[in-house]
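Engineer: Sequence isn't available, so here's the structure alone:
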DNA sequence: CTCGGATTTATGTCTATACATATTCGAGAC
DNA sequence: GTCTCGAATATGTATAGACATAAATCCGAG
């Protein structure tokens, strides 16, 4: 039992509430505190760190919001059990991702037409107007990296009809001009059809990772994009830690 | 003595700092405030809500931590641009997922052996000891839902060698007894080989979604699991909103 | 006109206090 | 015994004030 008395230590220049937070986080990550264990009461930490209750409370509240801890009145604060299903998913910005590996990024537009909505999903996106339908390939150096099929709602983004998407990729333009406020991603696997395989320069029926993203701005659909990645060539990595960095 | 009896408005019983937070969040989600826009200064909100600066600060700090807002000293607080690549991924707990749809869940173990590590990745997981290698299928009603290949480190979980995994699925047992503190998920697509196709009752070479998860406890590897989902049969859905909820 | 330092300002952290609220626990009623 | 009610307690929210810190801005010296 070692009381970490605030003696002469190499103190980090961090704020105290941050230090309390990371201290507890460390105890959880090290397994010293497991799910269900009670962490010290606020008044105990208050004494231990020689600070006011507000400071301790701020630290613990942040941990609670991050999902590492559950607080119960009168009972205390307890380490939460890790949730299997929650993780942070990195769906990369393709340009940044490719250039980050030192490869040259290029987007090659192959289709760009206005057309009416087809089916209920597209109708919701179109909202009675027409859609801009795009298809193109993202290249890393000379190699096809991802096939992109995109619909843009001309209701949400009427200016898009006048943009030359051979100069700027649709994703980059949209983020710059119609930033989304909500997004939903679907991830699935499917076999590339003949046309997709040709554009990606892979064998037909190769298993591909399909990412479909829909975005909204203030509840109004902005775009729906499907990206196809050759399966063996790419991974999406998701991590779960104590969050925060 | 008695409460102020807020008759005039249908006030939510929420805390004030929460209300400030959701108010600003709503302005961002509605597009009224776009990326780069400055939100009111703390002292303005203080006046607007008739509360102290601490209360306003708590609300804005929470938004900053959630990534919706960036704060810059002396300059103010600004709406952050949405990051394309960060989303919350729902990797479901299979039992909960299946039973949630009203189907019967069953796990059928087909292989359970102890063996030595094979390759550097497995060696790191094993840490000089042997591994427990499992294979089994998760069923929804009578239909195969997912093929699971799992390695359990007997260093991190020696008791696992004595568990009867026909009675409890390895994932459920591990979460109960050796909860992880860190996890990494990889998502990719691949074609089912003959054996996998047989176990999943699908055509060989069908495109499947492959989820590989590794977990650690206090930096020590616990398990590595690969789950294979028939591609058309399943989606992983990831959402990004203002988080929280 | 430029550079560098002083000033101003908004956020960052912290305190001491107060009261509200949910939940547990024990004492007394039945 | 068990049920109910009130006391105890830990968290939840909020305040007013204080000082620290970073950065934009202004201003004077060169």
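Structural biologist: Here it is on my side, so go on. Keep in mind that what you see is a predicted model, and the values were worked out from it rather than measured.
Engineer: do you know how far residue A:192 is from chain B?
Structural biologist: Distance, residue A:192 to chain B, using Cβ to the nearest Cβ, to the nearest Å: 8 Å. (Glycine included, C-beta is placed from N, CA and C.)
Engineer: how about that residue, what does it touch?
Structural biologist: Going by Cβ atoms under 8 Å, 6 or more residues apart in numbering or on different chains, residue A:192 touches A:200, A:202, A:204-208, A:228, A:230.
Engineer: from those residues, which is closest to DNA strand C?
Structural biologist: residue A:228 (41.2 Å; Cβ to the nearest atom of the strand).
Engineer: so where's chain A uncertain?
Structural biologist: A:1-13, A:84-92, A:232-245 (pLDDT under 70).
Engineer: what does it have sitting close to DNA strand C?
Structural biologist: When proximity is defined as Cβ under 7 Å from any atom of the strand, chain A approaches DNA strand C at A:15-18, A:50-55, A:58, A:72-75.
Engineer: Out of those, which are close to DNA strand D?
Structural biologist: Restricting the residues of chain A next to DNA strand C to those near DNA strand D - Cβ under 7 Å from any atom of the strand - leaves A:53-54, A:72-75.
Engineer: so of the residues you listed, which ones are in helices?
Structural biologist: Counting by DSSP state H, these place A:53-54 in helices.
Engineer: Among the ones next to DNA strand D among the residues of chain A next to DNA strand C, list the two that are farthest apart in space.
Structural biologist: A:54 and A:75 (20.7 Å; Cβ to Cβ).
Engineer: List the contacts of residue A:146.
Structural biologist: Contacts of residue A:146 (Cβ under 8 Å, 6+ apart): A:94, A:137-138, A:200, A:227-229, A:234.
Engineer: can you give me the strands for chain A?
Structural biologist: Ranges of strands in chain A, per DSSP state E, are A:38-39, A:69-72, A:76-79, A:86-90, A:105-115, A:131-140, A:143-153, A:182-191, A:207-217, A:220-230, A:236-240.
Engineer: who does the first one pair up with?
Structural biologist: Sheet pairing here is set by DSSP bridges, and for strand A:38-39 it gives strand A:76-79 (antiparallel).
Engineer: what about the spatially closest residue to residue A:230 that is not a sequence neighbour, distance to residue B:50?
Structural biologist: Nearest non-adjacent residue to residue A:230, counting by Cβ to Cβ, 6 or more residues apart in numbering or on different chains: residue A:202, 5.2 Å away. To residue B:50, residue A:202 is 63 Å away according to Cβ to Cβ, to the nearest Å.
Engineer: Between the two, point out the one with more neighbours.
Structural biologist: Taking other Cβ atoms under 10 Å in any protein chain shown, residue A:202 and residue B:50 do not tie; residue A:202 has more neighbours (20 against 9).
Engineer: thinking the more buried one is in contact with residue A:231, fair?
Structural biologist: No: counting by Cβ atoms under 8 Å, residue A:202 stays clear of residue A:231, with 9.2 Å between them.
Engineer: any common contacting residues for the two?
Structural biologist: Common neighbours of residue A:202 and residue A:231 (Cβ under 8 Å, 6+ apart) are residue A:208.
Engineer: In contact with the residue nearest to residue A:230, which residues are there?
Structural biologist: A:144, A:192, A:208, A:230.
Engineer: cool, and residue A:24?
Structural biologist: A:33, A:39, A:59-60, A:63, A:69.
Engineer: in stretch A:45-53, what's buried?
Structural biologist: For stretch A:45-53, the neighbour count (16 or more other Cβ atoms under 10 Å in any protein chain shown) marks A:45-46, A:48-49 as buried.
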